[in-house]
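*Asks:* following is a predicted model, sequence given first.
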Amino acid sequence: MFCEIGRKSSIFDLSAKKLAFCGRETYLCTVIVFHGWDALEPIPSVVTSGTFDGVHKGHQAICQRVTQKAKENGWRSLAITFHPHPRLVLKKNPENLALLNTLEERVERLGKTGLDALCVVEFTEALGRLDYAEYMALLLAKTGLRHLVVGYDHHFGRDRGGDPERIRALSAQLGIGFEEVPAVQTEGFQISSTKIRQALDRGDVRLARTMLGYAYPLSGQVVQGDGLGRALGFPTANLQPLDPLKLVPAAGIYAVFVQGRDFSGAGMAYIGNRPTLPESGRRIEVHIFDFERTLYGEIMTLHFHEFVRQDVRFDSLESLAQALQADARTVRALLAP
(Lines give C-alpha, C1' and ligand atoms only; values in the text may rest on other atoms or scores of the structure.)
Protein backbone atom coordinates (compact mmCIF):
# COMPACT_ATOMS: atom_id res chain seq x y z
CA MET A 1 0.00 0.00 0.00
CA PHE A 2 2.88 2.36 0.76
CA CYS A 3 5.83 3.23 -1.42
CA GLU A 4 8.62 4.46 0.84
CA ILE A 5 10.97 7.21 -0.25
CA GLY A 6 13.93 7.80 2.01
CA ARG A 7 15.45 11.21 2.56
CA LYS A 8 16.07 10.81 6.29
CA SER A 9 15.21 7.84 8.41
CA SER A 10 12.63 8.40 11.11
CA ILE A 11 11.49 5.14 12.69
CA PHE A 12 9.15 4.85 15.64
CA ASP A 13 6.98 2.14 17.10
CA LEU A 14 3.37 2.92 16.16
CA SER A 15 1.32 0.27 17.94
CA ALA A 16 1.23 -2.94 19.93
CA LYS A 17 1.51 -4.82 16.65
CA LYS A 18 4.97 -3.26 16.12
CA LEU A 19 4.10 -1.53 12.90
CA ALA A 20 6.88 0.91 11.98
CA PHE A 21 7.33 3.38 9.15
CA CYS A 22 10.76 4.15 7.75
CA GLY A 23 11.53 7.39 5.97
CA ARG A 24 10.17 10.92 6.25
CA GLU A 25 7.49 10.48 3.63
CA THR A 26 5.47 7.89 1.77
CA TYR A 27 3.16 8.31 -1.17
CA LEU A 28 -0.38 6.94 -1.17
CA CYS A 29 -1.96 7.48 -4.58
CA THR A 30 -1.57 11.25 -5.04
CA VAL A 31 -1.40 12.01 -1.32
CA ILE A 32 1.88 12.58 0.50
CA VAL A 33 2.01 10.89 3.90
CA PHE A 34 4.48 12.41 6.35
CA HIS A 35 5.63 10.66 9.53
CA GLY A 36 6.27 12.97 12.46
CA TRP A 37 6.21 16.74 12.95
CA ASP A 38 9.76 17.22 11.75
CA ALA A 39 9.00 15.75 8.34
CA LEU A 40 6.57 18.58 7.59
CA GLU A 41 7.50 21.71 5.69
CA PRO A 42 5.66 24.72 7.25
CA ILE A 43 4.05 26.09 4.09
CA PRO A 44 0.64 27.89 4.07
CA SER A 45 -1.92 25.21 4.88
CA VAL A 46 -5.53 24.54 5.73
CA VAL A 47 -5.34 22.03 8.55
CA THR A 48 -7.57 19.63 10.42
CA SER A 49 -6.43 17.52 13.34
CA GLY A 50 -7.79 14.49 15.14
CA THR A 51 -7.78 10.74 15.61
CA PHE A 52 -10.39 10.21 12.86
CA ASP A 53 -11.24 6.69 13.97
CA GLY A 54 -13.40 5.18 11.23
CA VAL A 55 -12.97 8.09 8.81
CA HIS A 56 -16.76 8.16 8.68
CA LYS A 57 -18.96 10.53 6.68
CA GLY A 58 -18.54 13.27 9.28
CA HIS A 59 -14.75 13.04 9.02
CA GLN A 60 -15.01 12.95 5.25
CA ALA A 61 -17.05 16.17 5.27
CA ILE A 62 -14.35 17.87 7.35
CA CYS A 63 -11.60 16.77 4.96
CA GLN A 64 -13.63 17.86 1.95
CA ARG A 65 -14.04 21.32 3.47
CA VAL A 66 -10.29 21.44 4.13
CA THR A 67 -9.52 20.66 0.49
CA GLN A 68 -12.12 23.15 -0.76
CA LYS A 69 -10.76 25.98 1.39
CA ALA A 70 -7.19 25.15 0.39
CA LYS A 71 -8.03 25.26 -3.31
CA GLU A 72 -9.76 28.62 -2.88
CA ASN A 73 -6.54 30.11 -1.48
CA GLY A 74 -3.85 28.11 -3.26
CA TRP A 75 -2.72 26.53 0.02
CA ARG A 76 -1.95 22.96 1.04
CA SER A 77 -4.73 20.79 2.49
CA LEU A 78 -3.36 18.81 5.44
CA ALA A 79 -4.73 16.42 8.07
CA ILE A 80 -2.86 15.61 11.27
CA THR A 81 -3.71 12.25 12.82
CA PHE A 82 -2.29 10.43 15.84
CA HIS A 83 -0.97 6.98 16.57
CA PRO A 84 -1.14 5.15 18.91
CA HIS A 85 -4.61 6.10 20.08
CA PRO A 86 -4.41 8.79 22.81
CA ARG A 87 -6.36 6.62 25.27
CA LEU A 88 -3.62 4.00 25.18
CA VAL A 89 -0.95 6.55 26.04
CA LEU A 90 -2.98 8.48 28.60
CA LYS A 91 -4.28 5.20 30.09
CA LYS A 92 -7.92 6.27 29.97
CA ASN A 93 -9.83 2.97 29.98
CA PRO A 94 -7.53 1.40 27.36
CA GLU A 95 -8.94 -2.05 28.17
CA ASN A 96 -12.26 -0.96 26.64
CA LEU A 97 -10.72 0.49 23.49
CA ALA A 98 -12.06 -0.99 20.23
CA LEU A 99 -10.93 0.73 17.05
CA LEU A 100 -12.86 1.05 13.81
CA ASN A 101 -9.70 1.34 11.73
CA THR A 102 -6.18 0.07 11.85
CA LEU A 103 -3.62 2.76 11.12
CA GLU A 104 -3.23 1.47 7.55
CA GLU A 105 -6.98 1.60 6.98
CA ARG A 106 -7.23 5.09 8.44
CA VAL A 107 -4.43 6.45 6.27
CA GLU A 108 -5.92 4.82 3.19
CA ARG A 109 -9.38 6.27 3.89
CA LEU A 110 -8.05 9.75 4.64
CA GLY A 111 -6.03 9.53 1.46
CA LYS A 112 -9.23 9.08 -0.53
CA THR A 113 -10.79 12.35 0.67
CA GLY A 114 -8.85 14.60 -1.70
CA LEU A 115 -6.30 15.93 0.79
CA ASP A 116 -2.88 16.99 -0.45
CA ALA A 117 -1.08 15.57 2.57
CA LEU A 118 -1.42 13.61 5.80
CA CYS A 119 0.88 13.62 8.79
CA VAL A 120 0.92 10.68 11.18
CA VAL A 121 2.15 11.97 14.53
CA GLU A 122 3.29 9.70 17.33
CA PHE A 123 1.06 10.47 20.31
CA THR A 124 3.15 10.77 23.46
CA GLU A 125 2.54 11.72 27.08
CA ALA A 126 4.31 15.03 26.39
CA LEU A 127 1.94 15.80 23.53
CA GLY A 128 -1.00 14.91 25.76
CA ARG A 129 0.16 17.44 28.37
CA LEU A 130 -0.07 20.40 25.97
CA ASP A 131 -3.03 22.69 26.56
CA TYR A 132 -5.02 23.91 23.59
CA ALA A 133 -3.03 27.14 23.21
CA GLU A 134 0.26 25.25 23.26
CA TYR A 135 -1.07 22.77 20.74
CA MET A 136 -2.20 25.61 18.48
CA ALA A 137 1.31 27.09 18.70
CA LEU A 138 2.71 23.70 17.69
CA LEU A 139 0.42 23.60 14.66
CA LEU A 140 1.52 27.09 13.67
CA ALA A 141 5.21 26.25 13.95
CA LYS A 142 5.13 22.87 12.25
CA THR A 143 2.42 23.10 9.58
CA GLY A 144 2.27 26.67 8.32
CA LEU A 145 -1.32 26.88 9.57
CA ARG A 146 -3.44 29.58 7.94
CA HIS A 147 -6.93 28.16 8.45
CA LEU A 148 -8.15 25.52 10.91
CA VAL A 149 -11.16 23.27 10.28
CA VAL A 150 -12.71 21.14 13.03
CA GLY A 151 -15.81 19.02 13.53
CA TYR A 152 -18.86 20.21 15.42
CA ASP A 153 -17.86 18.53 18.71
CA HIS A 154 -14.07 18.68 18.42
CA HIS A 155 -11.89 19.43 21.42
CA PHE A 156 -8.13 19.38 21.65
CA GLY A 157 -5.44 20.01 24.22
CA ARG A 158 -5.00 18.74 27.76
CA ASP A 159 -8.25 17.49 29.30
CA ARG A 160 -10.03 18.44 26.05
CA GLY A 161 -9.82 22.06 27.15
CA GLY A 162 -9.90 23.47 23.64
CA ASP A 163 -13.59 23.54 22.75
CA PRO A 164 -14.71 25.19 19.50
CA GLU A 165 -15.45 28.54 21.14
CA ARG A 166 -12.03 28.77 22.79
CA ILE A 167 -10.32 27.68 19.57
CA ARG A 168 -12.30 30.28 17.62
CA ALA A 169 -11.27 33.06 20.01
CA LEU A 170 -7.61 32.02 19.99
CA SER A 171 -7.60 31.76 16.20
CA ALA A 172 -8.89 35.32 15.93
CA GLN A 173 -6.11 36.53 18.24
CA LEU A 174 -3.50 34.77 16.11
CA GLY A 175 -4.97 35.94 12.80
CA ILE A 176 -5.85 32.42 11.74
CA GLY A 177 -9.04 31.46 9.97
CA PHE A 178 -11.31 29.04 11.79
CA GLU A 179 -14.48 27.15 10.98
CA GLU A 180 -16.54 24.39 12.51
CA VAL A 181 -18.12 21.84 10.15
CA PRO A 182 -21.70 20.92 11.14
CA ALA A 183 -22.58 17.38 12.11
CA VAL A 184 -23.51 14.97 9.33
CA GLN A 185 -26.77 13.22 10.05
CA THR A 186 -28.35 9.96 8.97
CA GLU A 187 -31.69 8.46 9.96
CA GLY A 188 -32.34 11.38 12.30
CA PHE A 189 -29.14 11.34 14.38
CA GLN A 190 -25.61 12.68 14.19
CA ILE A 191 -22.93 10.36 12.86
CA SER A 192 -20.12 9.60 15.28
CA SER A 193 -17.49 6.93 15.86
CA THR A 194 -19.29 5.98 19.08
CA LYS A 195 -22.57 5.35 17.27
CA ILE A 196 -20.77 3.23 14.68
CA ARG A 197 -19.19 1.12 17.42
CA GLN A 198 -22.58 0.67 19.05
CA ALA A 199 -24.09 -0.45 15.74
CA LEU A 200 -21.32 -3.00 15.18
CA ASP A 201 -21.61 -4.25 18.77
CA ARG A 202 -25.21 -5.23 18.06
CA GLY A 203 -24.45 -6.56 14.56
CA ASP A 204 -26.08 -3.74 12.62
CA VAL A 205 -23.46 -3.63 9.89
CA ARG A 206 -25.92 -2.05 7.46
CA LEU A 207 -26.29 1.04 9.67
CA ALA A 208 -22.54 1.08 10.24
CA ARG A 209 -22.03 1.03 6.47
CA THR A 210 -24.44 3.95 6.09
CA MET A 211 -22.54 6.02 8.65
CA LEU A 212 -19.09 5.05 7.40
CA GLY A 213 -19.86 5.42 3.72
CA TYR A 214 -18.23 2.03 3.07
CA ALA A 215 -18.56 -1.54 4.29
CA TYR A 216 -16.82 -2.17 7.61
CA PRO A 217 -13.56 -4.09 7.03
CA LEU A 218 -11.87 -6.71 9.20
CA SER A 219 -8.51 -8.15 8.15
CA GLY A 220 -6.93 -11.31 9.42
CA GLN A 221 -4.56 -14.16 8.69
CA VAL A 222 -5.96 -17.55 7.77
CA VAL A 223 -5.11 -20.12 10.44
CA GLN A 224 -5.67 -23.85 10.79
CA GLY A 225 -9.19 -24.90 11.80
CA ASP A 226 -10.68 -28.26 12.73
CA GLY A 227 -12.28 -29.02 9.36
CA LEU A 228 -15.85 -29.04 10.66
CA GLY A 229 -17.06 -26.57 8.03
CA ARG A 230 -15.88 -28.83 5.23
CA ALA A 231 -17.59 -31.80 6.87
CA LEU A 232 -20.83 -29.80 6.90
CA GLY A 233 -20.46 -28.89 3.22
CA PHE A 234 -19.20 -25.35 3.87
CA PRO A 235 -15.38 -25.23 4.00
CA THR A 236 -14.27 -22.11 5.85
CA ALA A 237 -11.18 -19.99 6.27
CA ASN A 238 -10.54 -19.30 9.96
CA LEU A 239 -9.28 -15.78 10.59
CA GLN A 240 -7.02 -14.43 13.31
CA PRO A 241 -7.44 -10.60 13.31
CA LEU A 242 -4.25 -8.73 12.51
CA ASP A 243 -4.88 -6.01 15.08
CA PRO A 244 -6.04 -7.03 18.58
CA LEU A 245 -7.57 -3.58 19.08
CA LYS A 246 -9.79 -3.80 16.01
CA LEU A 247 -13.51 -4.04 16.80
CA VAL A 248 -15.06 -7.39 15.80
CA PRO A 249 -18.83 -7.21 15.09
CA ALA A 250 -21.34 -9.05 17.25
CA ALA A 251 -21.78 -12.80 17.00
CA GLY A 252 -23.85 -14.02 14.07
CA ILE A 253 -23.93 -14.83 10.38
CA TYR A 254 -23.09 -12.06 7.88
CA ALA A 255 -23.07 -11.43 4.15
CA VAL A 256 -19.56 -10.28 3.26
CA PHE A 257 -17.32 -9.55 0.34
CA VAL A 258 -13.87 -11.07 0.71
CA GLN A 259 -10.66 -9.52 -0.61
CA GLY A 260 -7.39 -11.44 -0.68
CA ARG A 261 -3.99 -10.75 -2.15
CA ASP A 262 -4.95 -12.10 -5.56
CA PHE A 263 -8.62 -13.02 -5.28
CA SER A 264 -11.99 -11.61 -4.28
CA GLY A 265 -15.50 -12.94 -3.96
CA ALA A 266 -18.77 -13.08 -2.06
CA GLY A 267 -18.97 -15.04 1.14
CA MET A 268 -20.79 -15.96 4.31
CA ALA A 269 -19.02 -15.09 7.56
CA TYR A 270 -19.55 -16.53 11.02
CA ILE A 271 -18.57 -14.88 14.30
CA GLY A 272 -19.25 -16.70 17.55
CA ASN A 273 -18.43 -19.42 20.04
CA ARG A 274 -20.06 -22.28 18.08
CA PRO A 275 -22.64 -23.09 20.79
CA THR A 276 -23.69 -26.32 19.05
CA LEU A 277 -20.27 -27.81 19.86
CA PRO A 278 -18.82 -28.60 23.30
CA GLU A 279 -16.07 -25.97 23.20
CA SER A 280 -15.56 -22.28 23.82
CA GLY A 281 -13.58 -19.47 22.27
CA ARG A 282 -14.60 -16.98 19.63
CA ARG A 283 -14.22 -18.02 16.00
CA ILE A 284 -14.18 -15.83 12.92
CA GLU A 285 -14.80 -17.99 9.87
CA VAL A 286 -15.76 -17.30 6.27
CA HIS A 287 -17.06 -19.54 3.53
CA ILE A 288 -16.22 -18.06 0.12
CA PHE A 289 -18.75 -19.05 -2.51
CA ASP A 290 -17.55 -21.00 -5.55
CA PHE A 291 -13.96 -20.98 -4.34
CA GLU A 292 -11.57 -23.89 -3.81
CA ARG A 293 -8.07 -23.12 -2.62
CA THR A 294 -5.90 -23.63 0.42
CA LEU A 295 -5.37 -20.25 2.08
CA TYR A 296 -3.41 -21.03 5.25
CA GLY A 297 -1.10 -18.15 6.14
CA GLU A 298 -2.66 -15.71 3.70
CA ILE A 299 -4.13 -12.34 4.65
CA MET A 300 -7.70 -11.50 3.71
CA THR A 301 -10.19 -8.75 4.49
CA LEU A 302 -13.90 -9.23 5.15
CA HIS A 303 -16.18 -6.33 4.15
CA PHE A 304 -19.41 -6.61 6.15
CA HIS A 305 -22.57 -5.78 4.18
CA GLU A 306 -25.56 -7.38 5.91
CA PHE A 307 -26.46 -9.18 9.13
CA VAL A 308 -28.27 -12.46 8.42
CA ARG A 309 -29.08 -14.04 11.77
CA GLN A 310 -27.95 -14.45 15.35
CA ASP A 311 -25.65 -17.21 16.55
CA VAL A 312 -27.84 -19.97 18.03
CA ARG A 313 -27.43 -23.48 19.33
CA PHE A 314 -28.74 -26.37 17.20
CA ASP A 315 -29.77 -29.80 18.47
CA SER A 316 -27.57 -31.63 15.97
CA LEU A 317 -24.94 -31.10 13.32
CA GLU A 318 -27.54 -32.09 10.73
CA SER A 319 -29.77 -29.20 11.86
CA LEU A 320 -26.76 -26.87 11.73
CA ALA A 321 -25.95 -27.97 8.18
CA GLN A 322 -29.54 -27.33 7.09
CA ALA A 323 -29.43 -23.86 8.65
CA LEU A 324 -26.18 -23.10 6.84
CA GLN A 325 -27.75 -24.09 3.53
CA ALA A 326 -30.60 -21.66 4.17
CA ASP A 327 -28.09 -18.97 5.24
CA ALA A 328 -26.11 -19.47 2.04
CA ARG A 329 -29.21 -18.95 -0.10
CA THR A 330 -30.01 -15.77 1.82
CA VAL A 331 -26.49 -14.40 1.53
CA ARG A 332 -26.23 -15.16 -2.18
CA ALA A 333 -29.47 -13.24 -2.73
CA LEU A 334 -28.28 -10.31 -0.63
CA LEU A 335 -24.99 -10.02 -2.50
CA ALA A 336 -26.32 -10.73 -6.00
CA PRO A 337 -25.27 -8.07 -8.55
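*Replies:* Great, that's in hand. Numbers count the residues shown, from 1 in each chain.

*Asks:* contacts, neighbours, all on C-alpha from now
*Replies:* Fine.

*Asks:* partners of the helix or strand containing residue 221 in the sheet?
*Replies:* Using DSSP states H and E, residue 221 sits in strand 216-223. In the sheet containing strand 216-223, its partner strands are strand 237-241 (antiparallel), strand 299-309 (antiparallel), by DSSP bridges.

*Asks:* so where do the strands sit in the stretch 151-300 of the chain?
*Replies:* 177-181, 185-186, 189-190, 216-223, 237-241, 252-260, 264-272, 283-288, 299-309 (DSSP state E, counting those that start in this stretch).

*Asks:* in TSV, list these along with mean pLDDT and mean neighbour count.
*Replies:* TSV is the format used below for the strands of the stretch 151-300 of the chain (pLDDT from 0 to 100; neighbours: other CA atoms under 10 Å):
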stretch	mean pLDDT	mean neighbour count
strand 177-181	96	17
strand 185-186	90	12
strand 189-190	91	12
strand 216-223	97	21
strand 237-241	95	22
strand 252-260	97	23
strand 264-272	96	22
strand 283-288	96	22
strand 299-309	97	22
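
*Asks:* distance of the residue most central in space within the chain from residue 219?
*Replies:* By CA atoms, centre = their mean, the chain has its centre lying nearest to residue 101, at 1.8 Å. Here residue 101 is placed at a distance of 10 Å from residue 219 (CA to CA, to the nearest Å).

*Asks:* kindly report the same for residue 181.
*Replies:* Distance from residue 181 to residue 219, by CA to CA: 32 Å.

*Asks:* repeat for residue 143
*Replies:* Applying CA to CA to residue 143 and residue 219 gives a distance of 33 Å.

*Asks:* and residue 323, how many residues sit next to it?
*Replies:* 12 (other CA atoms under 10 Å).

*Asks:* give the buried residues for the helix or strand it falls within.
*Replies:* Using DSSP H and E, residue 323 sits within helix 317-335. Across helix 317-335, burial judged by 16 or more other CA atoms under 10 Å covers 320, 321, 324, 327, 328, 331, 332.

*Asks:* and that helix with strand 283-288, angle?
*Replies:* 60 degrees (axes from the mean of the first three to the mean of the last three CA atoms, to 10 degrees).

*Asks:* tell me what helix 317-335 is packed against?
*Replies:* Under the contact criterion of 3 or more CA pairs under 8 Å, 6 or more residues apart in numbering; DSSP states H and E, helix 317-335 touches strand 252-260, strand 264-272, strand 299-309.

*Asks:* at 10 Å what do you get?
*Replies:* When contacts are defined as 3 or more CA pairs under 10 Å, 6 or more residues apart in numbering; DSSP states H and E, helix 317-335 packs onto helix 228-231, strand 252-260, strand 264-272, strand 299-309.

*Asks:* what mean pLDDT does that helix have?
*Replies:* For helix 317-335, mean pLDDT is 94.
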